[in-house]
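In: sequence first, predicted model second:
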Amino acid sequence: TKKVIGIHKRENIINQTNGGTFIGVIFNKINNDLNQIINNKTFNNNNKIIVIANNAENPENSKNIYEERIKKLERKIEYNKIQTVLTNAPKKKIAKYDFENSINTIVIFKNYLLAGSRNGSIKCFDIVKDEEDDDPGILFSIDKAHEKEINYIMKENNDEIISCGDDGLIKRWFIDLQNFQYKLIEVFLINNSNKVHKSVNQIIKLKNGNYCSCGNDYTIKFWVKTNEFSETECYDILKCEAEYVQSIIELENNKIVVGSWWHTQFFDIKNFKAETDIKDTFTQSPNSMIRMGEKIICAGRKIDFIDIKTQKLISSIPIEVMEGVTEEEICSVCPLNDDLIICAGNLRTVDVYDVNTFEKVAIRSIKDEFIFDIKCFHETYVFGGTSIFCYLISGLKELDEETKKYYQEINDRRMNIAKEVLELCENFKL
């Protein structure tokens, strides 16, 4: 089933490889699976060319000069599977709102969903309720929890949440999910005023138990709980380069990274000083920032990837938008697995990106929906915006294992071909 048709001269392919002995062999009817991966359009489907750069003494070091093409096609196979998973993910709709009453932020609280609204209310939903039930699943609502938009809700513990909003306030709440009741425990104060930022965009709990908040006033503020009655006071303030400070992530070694308009900044919070300022990130709107391994992913009107160790920008991805969308923005990013992120905003789509290759992997239309936040609950991804809905995106872990096994089979076949080439060349005294 195999025969040697000819051999490439070294000078014809010298520029395609890094040296060594060069052997070109055309095989007839190579295994069909391999044909789909090693696809050189110069030849028809029944005859494929395999070109080996050989380290004659050690065939294990032989390398196919189409390696990059093969890897790209391997990724395409994996991406097609991910697209299928996203396309077929069952959708469950929980609630629908107009833009003025839409959901800005969501948090998974036990088996329930707490949603902060543009109208200042906090709503509690049962996200595991039977989807065929006509009741949207709302359990209770804290009306006028804030006077203006709620920007962020943080889970403090199994009984408490902390909310913040455009009214400049940070509030701590007790939530009783057995009786579906709530109680306001505390309003944070600074200099006897409850307006702690011009507008509070986020608050996080640090590893040392203290808190860090940011807002539209150039500042990051640090808070400590002073007594058992949950009284919290500000103990330090850091100044940022831009007025609109929207996102904070705590890193190791007493460091944080902060996202603001046009800037991503690293701070040393042990000595309370700025370290690195990466300008022109976010392209204006710093809507969402997450950590994936040793990368910080910043999303707004583009997606920026920053290396934590070097504190430098690695890559940027421009946003592809549907026709008719004029002010495109990604508003939220959430990890799918160790290599993939899922994004949404006002793009009318849910998009999946590979954080290693910086490529768009999959896309699903959501028509006229605006999405402002995404959270994961087991394999259920909850989207909050002009509606609240869920996708059950299952099978990605199994997909990872299946893909690894498939790649191993490909590599084994590739190595066998390299050995066969050497044997054929010895037989024909090439």
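Out: Okay, I see it.
In: in the chain, where is pLDDT below threshold?
Out: For the chain, applying pLDDT under 70 flags the ranges 1-70, 129-137, 228-230, 280-285, 320-327, 395-411, 413-415, 417-422, 424-430.
In: identify the residues contacting residue 170.
Out: Contact analysis of residue 170 by Cβ atoms under 8 Å, 6 or more residues apart in numbering lists 162-164, 187-188, 196, 200, 203, 213. Quick note: C-beta positions are derived from backbone N, CA and C, even for glycine.
In: buried ones among those?
Out: By neighbour count, with 16 or more other Cβ atoms under 10 Å, the contacts of residue 170 hold 162-164, 188, 196, 200, 203, 213 as buried.
In: could the residues you listed go into TSV alongside secondary structure and distance to residue 365?
Out: Shown next, in TSV, are the buried ones among the contacts of residue 170 (DSSP: H, G, I helix; E, B strand; the rest coil; distance: Cβ to Cβ, whole Å):
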residue	secondary structure	distance to residue 365
162	strand	35
163	strand	32
164	strand	33
188	coil	41
196	coil	40
200	strand	34
203	strand	34
213	strand	36
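In: so which of these is the closest to residue 356?
Out: The closest of the buried ones among the contacts of residue 170 to residue 356 turns out to be residue 203 (Cβ to Cβ; 31.4 Å).
In: against residue 333, how distant is the closest residue to the closest one other than its chain neighbours?
Out: Among residues not flanking residue 203 along the chain, residue 213 sits closest, at 4.3 Å (Cβ to Cβ, 6 or more residues apart in numbering). With distances taken as Cβ to Cβ, to the nearest Å, residue 213 is found 21 Å from residue 333.
In: can I get the contacts of residue 170 in TSV including distance to residue 155?
Out: Formatted as TSV, the contacts of residue 170 follow (distance: Cβ to Cβ, whole Å):
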residue	distance to residue 155
162	8
163	11
164	13
187	18
188	17
196	20
200	17
203	11
213	15
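In: quick check: buried residues in stretch 311-320?
Out: In stretch 311-320, counting by 16+ other Cβ under 10 Å, buried: 311, 313, 316-317, 319.
In: ok, residue 198 to residue 288 distance?
Out: 21 Å.
In: and those two? Which one has more around it.
Out: Per other Cβ atoms under 10 Å, whichever of residue 198 and residue 288 has more neighbours is residue 288, with 27 against 15.
In: give me the element residue 75 is part of.
Out: Using DSSP states H and E, residue 75 sits in helix 67-87.
In: actually residue 376, sorry about that
Out: Assigned by DSSP H and E, residue 376 falls in strand 371-377.
In: ends of stretch 84-99, how far apart?
Out: 31 Å (Cα to Cα, to the nearest Å).
In: no wait, stretch 198-218
Out: OK, stretch 198-218 end separation, Cα to Cα: 9 Å.
In: next one: that stretch to chain centre, how far?
Out: Averaged C-alpha coordinates place stretch 198-218 at 22 Å from its chain's average position (Cα atoms, centre = their mean, to the nearest Å).
In: so which bits of it are buried?
Out: Neighbour-count burial for stretch 198-218 flags 199-206, 210-218 (criterion: 16+ other Cβ under 10 Å).
In: and what of stretch 173-181?
Out: 173, 175, 177.
In: let's see that stretch as CSV, backbone CA atoms only.
Out: What follows is stretch 173-181, C-alpha atoms only, in CSV (Å, rounded to 0.1, in the frame of the first residue of the first chain):
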residue,chain,number,x,y,z
TRP,A,173,-26.7,42.3,54.8
PHE,A,174,-27.8,39.2,56.8
ILE,A,175,-29.7,36.8,54.5
ASP,A,176,-31.9,34.1,56.0
LEU,A,177,-32.7,31.7,53.2
GLN,A,178,-34.7,29.3,55.4
ASN,A,179,-37.3,31.9,56.1
PHE,A,180,-36.5,34.1,53.1
GLN,A,181,-35.8,37.2,55.2
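In: ok, back up a step: thought the residue nearest to residue 203 was touching residue 190?
Out: No. Residue 213 is not in contact with residue 190 according to Cβ atoms under 8 Å; the separation is 10.0 Å.
In: so what's in contact with these two at the same time?
Out: Listed as contacting both residue 213 and residue 190 by Cβ under 8 Å, 6+ apart are 196, 221.
In: follow-up on the earlier one: okay if I get the buried residues of stretch 311-320 as a markdown table plus secondary structure and distance to residue 145?
Out: Shown next, in a markdown table, are the buried residues of stretch 311-320 (three-state DSSP; distance: Cβ to Cβ, whole Å):
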| residue | secondary structure | distance to residue 145 |
| --- | --- | --- |
| 311 | coil | 37 |
| 313 | strand | 38 |
| 316 | strand | 37 |
| 317 | strand | 36 |
| 319 | coil | 32 |
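In: go through those residues and say which is closest to residue 258.
Out: Lowest distance from residue 258 to the buried residues of stretch 311-320 (Cβ to Cβ) belongs to residue 311, with 12.3 Å.
In: list the residues that contact the closest one.
Out: 266, 275-276, 278.
In: for the residue nearest the centre of the chain, name its beta-bridge partners.
Out: With distances taken as Cα atoms, centre = their mean, residue 341 lies nearest the centre of the chain, 2.8 Å away. Here residue 341 sits in beta bridges with residue 335, residue 353, going by DSSP bridges.
In: thinking again about what came up before, looking at the buried residues of stretch 311-320, spot the one nearest residue 301.
Out: The nearest member of the buried residues of stretch 311-320 to residue 301, counting by Cβ to Cβ, is residue 319 at 6.5 Å.
In: excluding chain neighbours, what is closest to that closest one?
Out: Spatial nearest neighbour of residue 319, chain neighbours left out: residue 328 (5.2 Å); criterion: Cβ to Cβ, 6+ apart.
In: wait, that neighbour touches residue 303, no?
Out: No. Under the criterion of Cβ under 8 Å, residue 328 makes no contact with residue 303, lying 11.7 Å away.
In: quick one: common contacting residues for those two?
Out: With Cβ under 8 Å, 6+ apart, residue 328 and residue 303 have common neighbours residue 319.
In: gap between residue 269 and residue 252?
Out: Remark: distance between residue 269 and residue 252 (Cβ to Cβ) = 12 Å.
In: and if you look at residue 94?
Out: Residue 94 sits 37 Å away from residue 252, going by Cβ to Cβ.
In: which one of these two is surrounded by more residues?
Out: residue 94 (22 against 7).
In: isn't the more buried one right next to residue 388, touching?
Out: Yes. Counting by Cβ under 8 Å, residue 94 does reach residue 388; the two are 4.2 Å apart.
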